[in-house]
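Chemist: let me see the structure of the following:
(chains A, B and C)
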Amino acid sequence: MSYNLQQLAEHIGARLIGDAELMISAAAQLDDAGAGDICFVASAKYVASLKSTSASAVILREDVLGDSPVASLVVENPRAAYAKVVALLYPEHKPAPGVHTTAVIDPSASISSLSYIGPNVVIEEGVVIEDGVRIDAGCFVGRNSRIGLNTHLYSNVTVYHNCVIGEYCIMHSASVIGSDGFGFEFDQGEWLKIPQVGGVVIGNAVEIGACSVVDRGALQDTVIGNGVKLDNHVQIAHNVSVGEHTLMSRGVGIAGSTKIGKNCLFAGMTGVRDHVEIADNVIVTAMSMVSKSLTKAGSYSSNTPIDETRVWRKNSARFRQLDEMAKRIKQLEKLIKDKE
Amino acid sequence: MSYNLQQLAEHIGARLIGDAELMISAAAQLDDAGAGDICFVASAKYVASLKSTSASAVILREDVLGDSPVASLVVENPRAAYAKVVALLYPEHKPAPGVHTTAVIDPSASISSLSYIGPNVVIEEGVVIEDGVRIDAGCFVGRNSRIGLNTHLYSNVTVYHNCVIGEYCIMHSASVIGSDGFGFEFDQGEWLKIPQVGGVVIGNAVEIGACSVVDRGALQDTVIGNGVKLDNHVQIAHNVSVGEHTLMSRGVGIAGSTKIGKNCLFAGMTGVRDHVEIADNVIVTAMSMVSKSLTKAGSYSSNTPIDETRVWRKNSARFRQLDEMAKRIKQLEKLIKDKE
Amino acid sequence: MSYNLQQLAEHIGARLIGDAELMISAAAQLDDAGAGDICFVASAKYVASLKSTSASAVILREDVLGDSPVASLVVENPRAAYAKVVALLYPEHKPAPGVHTTAVIDPSASISSLSYIGPNVVIEEGVVIEDGVRIDAGCFVGRNSRIGLNTHLYSNVTVYHNCVIGEYCIMHSASVIGSDGFGFEFDQGEWLKIPQVGGVVIGNAVEIGACSVVDRGALQDTVIGNGVKLDNHVQIAHNVSVGEHTLMSRGVGIAGSTKIGKNCLFAGMTGVRDHVEIADNVIVTAMSMVSKSLTKAGSYSSNTPIDETRVWRKNSARFRQLDEMAKRIKQLEKLIKDKE
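Modeler: Coordinates of the predicted model:
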């Protein structure tokens, strides 16, 4: 799709400096852009690239406007404005509403005539599919689950029974919602399964990445708040609740019954233990292990720095002597003090 | 389903204190329970909640019976008894036996008439499906594999060729059994694939979580013992053997040819290197890296504690000086000793 | 399949010592082998097993030929030669070309008559499937994607739209190619999605493990070079490029826009942060966190060693005092120096 700068400026509420009739047909990066392209400048850090860009227009903040050699759209948050422009220039492919002939739909399911149900989708009894929902090929939606307004399940997503997914959500391929929580009790020499009879309740505007898993609750529901974004390979265990607008990068794992606050950021491959509470606005850096509740907003970390293996090996071996080293320091301090 | 207390007491072998005719229709937690609900008390730690519960009945041990304000079922292991009661109150949904018309079944496959084969399931030549098996929508079972008595594959499970899955197993969605082990040899500038021609043999009463993977052996089989429970995102590499009743939490990875003992517990996101042996009854705490054989039962850990990022950053930087610090301590000790 | 030693020797370019007519029908390990089996000896470390083997023949290097009690095939790289022999003895099962009647193929897709399209496969508009491609049951290939010569998608693989997969690739089950990169901008109290309009370009001879994910680029493509091998549960984020012949073990995660060199090895569960560069020939050991660019070839590590939990707990607690310990050592050194 192509738009002129005037149309783009109105779409993002920008002040337009330059030719209002200029046609824009693509987004690009400052260094790769050419005629017809629009770029954004996140901060003054990129002024050099801005000055030499061959783009037709840039989205930027007031503070770098003076450095722009081309037509400019001035906004408060260039990245957000850029996201809106990209959405306009590259409209999402939307299949026409309807149920593919190969879909297997239980007669008791309620399927909006304004939804799209793709090939080989299986929908069980009592399911409700609301308006504007898109369920791509090979997805499964188990009995009595509900998929809210305008939610999109990419191919091969599995939603178990008795799960509720809100409005405007996106679920990527091979993600699984509602699998059994991991609950067993050792009894007479073997693990007895504790039936997982709770459900999953997912709010609105939630995105769940490929191969991510949200387990159903043991008795009560696992709950994901509005606006939560989960990357790929993320795990939310049974009875967890995740507060609104919290973001988890790839591979994060939250263990059972933990309560996660709002507006948190969990960087990649971080783990949070079971039965703890994480306050609002907590940031956890990559590959950290959260082994206790974090009751105050702030940034938290664990792990050790990357090093050459031969150097790391020596330091790592000393880690096993740390307690002894601390005691020897104390002993030295005492010896010196005694001498004084 | 509803049962009276007498029926529940008999089902779990409990001593009943209270009204045998009292009807129970749901399980609940002590603090949320109401009329018709049954709860359990795991230990004396929960006595306060017990004393104030509004449940109709509780499952408990003798030692807290005196604190129960309501009808009580006295057992040795309340959590195990509770699991059995939940299974009774919330019977699993079981589809009627039969093969869905959209399933694609090779004529040479042997499918028990007492099994359920769901929509769009694909079963290749030579497969054997035993009595009571349930294979939900979209699963694939490759040639010559066998699924044992009463095993349940949730939707979108993939079982490759020449794999054997035992009886009473549960496989969750998007799990994969029998994918190629990761075996390559660098030869003439590129990685030559070592064909993975072994299989997978999974025992009885094994549960495998969503998005978990058990690779086939290179030459011999990868073996999972009876009663093993794997959470989501677990990986078992080629030629690994896992002993009976071992439990692995979310994200655990076991590298190739490693032998894992019986009754082990691997907490979340733990990794075990290749070609090592782990004894029976080993516990490994979360996010640990097992870089060698563990030949004695016991609990093992690695990793560093979570801290505020600004504090962690300083300590983490010092990790790179640990060997030097150790040497400086030794030097100080020598200096002081020399002075004496 | 069975072959005589002469045929095997010719296939792998080996010097044959022994009976050229001897029939070989299986591969085995030195200690388990019997009549009709062939084994390989990787190095002199296995001479004891070699001396006592009951195999019919062994593949070995010149240096251990003297220790072989049986017919021998002498080569430079026994493991590579063995891989080629296994491929010969255990030919891959290949379905006949053709499109299964249950596959759903858009009329605008170009499907080679020499390809195999299995049951319930869904192929959208504009897709190109080249000669020799094998797409197993339940796979999805989105619009305008291309699958190159002789590539094999195992069951339940998902390829999103506008992705290019090269020749002779292997994708294992539940892997996902082309899911959205994880890109959001916080705007007016919520996360605004940055549309991910780039694609994925995968080279030739790439293998991608089960439940692995390669995200599509935000604007440009995510690129995987020729000969790259990814194990299970691997994640390649948006805009990453991975150089030729790099190998990533299970669970590795590469964050957005990072550039990975050629011939690198990433051991299991290693994470690499976003926007960094990793040189060619870098090795990263297991469970390491790469938090910066690595500009020189070599081996790198982070993490701490496994220990008994009770010992680890003491040392781990001291980690939080490391900076203070370092300062106390310095203070002690100063005190002693002052006294001198």
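
Chemist: quick one, domains of chain A?
Modeler: A:3-89, A:98-300, A:309-339 (automatic domain parsing).

Chemist: mean confidence for the first one?
Modeler: Which is domain A:3-89. Mean per-residue pLDDT for domain A:3-89: 96.

Chemist: wait, a helix at A:Q6?
Modeler: Yes - counting by DSSP: H, G, I helix; E, B strand; the rest coil, A:Q6 is located in a helix.

Chemist: who's in contact with the longest helix along chain A?
Modeler: Counting by DSSP state H, the longest helix found in chain A is helix A:322-339. Under the criterion Cβ atoms under 8 Å, 6 or more residues apart in numbering or on different chains, residues A:318, B:322, B:325-326, B:329, B:332-333, B:336, C:311, C:314-315, C:317-319, C:321-322, C:325, C:328-329, C:332, C:335-336 lie in contact with helix A:322-339. Yep, even glycine has a C-beta here, placed from its N, CA and C like the rest.

Chemist: now the domains of chain A in a markdown table, with mean neighbour count?
Modeler: As requested, the domains of chain A are exported to a markdown table (neighbours: other Cβ atoms under 10 Å in any protein chain shown):
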| stretch | mean neighbour count |
| --- | --- |
| domain A:3-89 | 18 |
| domain A:98-300 | 23 |
| domain A:309-339 | 17 |
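
Chemist: which of those domains sits closest to B:G209?
Modeler: domain A:98-300 (6.7 Å; Cβ to Cβ).

Chemist: distance between the ends of the closest one?
Modeler: Criterion Cα to Cα, to the nearest Å; first-to-last residue distance in domain A:98-300 is 48 Å.

Chemist: now swap in stretch A:290-306 and tell me
Modeler: Terminal-residue distance, stretch A:290-306 (Cα to Cα): 20 Å.

Chemist: close to chain C, is that stretch?
Modeler: Yes - with Cβ under 8 Å from any Cβ of the partner chain as the criterion, chain C is reached by stretch A:290-306 at A:N303, A:T304, A:P305, A:I306.

Chemist: may I have the phi/psi pair for the second one?
Modeler: Comment: the main-chain dihedrals of A:T304 come out as phi -130, psi 160, following degrees, to the nearest 10.

Chemist: my guess is it meets C:P305, correct?
Modeler: No - between A:T304 and C:P305 there is no contact under Cβ atoms under 8 Å: 10.7 Å.

Chemist: more crowded one of the two?
Modeler: A:T304 (26 against 18; other Cβ atoms under 10 Å in any protein chain shown).

Chemist: can you give me the distance of the more buried one to B:Q321?
Modeler: 12 Å (Cβ to Cβ, to the nearest Å).

Chemist: over to A:N4?
Modeler: With Cβ to Cβ as the criterion, A:N4 and B:Q321 are 60 Å apart.

Chemist: ok, now A:V128?
Modeler: 61 Å.

Chemist: next: A:R15.
Modeler: For A:R15, the distance to B:Q321 - Cβ to Cβ - is 53 Å.

Chemist: tabulate the CA atom coordinates of the helix or strand bottoming out on mean pLDDT in chain A in CSV.
Modeler: Lowest by mean pLDDT, DSSP states H and E among the helices and strands of chain A is helix A:322-339, with a mean of 92. Written as CSV, here are the backbone C-alpha positions of helix A:322-339 (Å, rounded to 0.1, in the frame of the first residue of the first chain):
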residue,chain,number,x,y,z
LEU,A,322,34.5,-18.9,48.3
ASP,A,323,33.3,-19.6,51.8
GLU,A,324,36.8,-20.7,52.8
MET,A,325,38.3,-17.6,51.2
ALA,A,326,35.9,-15.4,53.2
LYS,A,327,36.9,-17.1,56.4
ARG,A,328,40.6,-16.7,55.6
ILE,A,329,40.2,-13.0,55.0
LYS,A,330,38.5,-12.7,58.3
GLN,A,331,41.3,-14.6,60.0
LEU,A,332,43.9,-12.4,58.4
GLU,A,333,42.0,-9.3,59.6
LYS,A,334,42.0,-10.7,63.1
LEU,A,335,45.7,-11.6,63.0
ILE,A,336,46.6,-8.1,61.9
LYS,A,337,44.3,-6.5,64.4
ASP,A,338,45.8,-8.7,67.2
LYS,A,339,49.2,-7.5,66.3
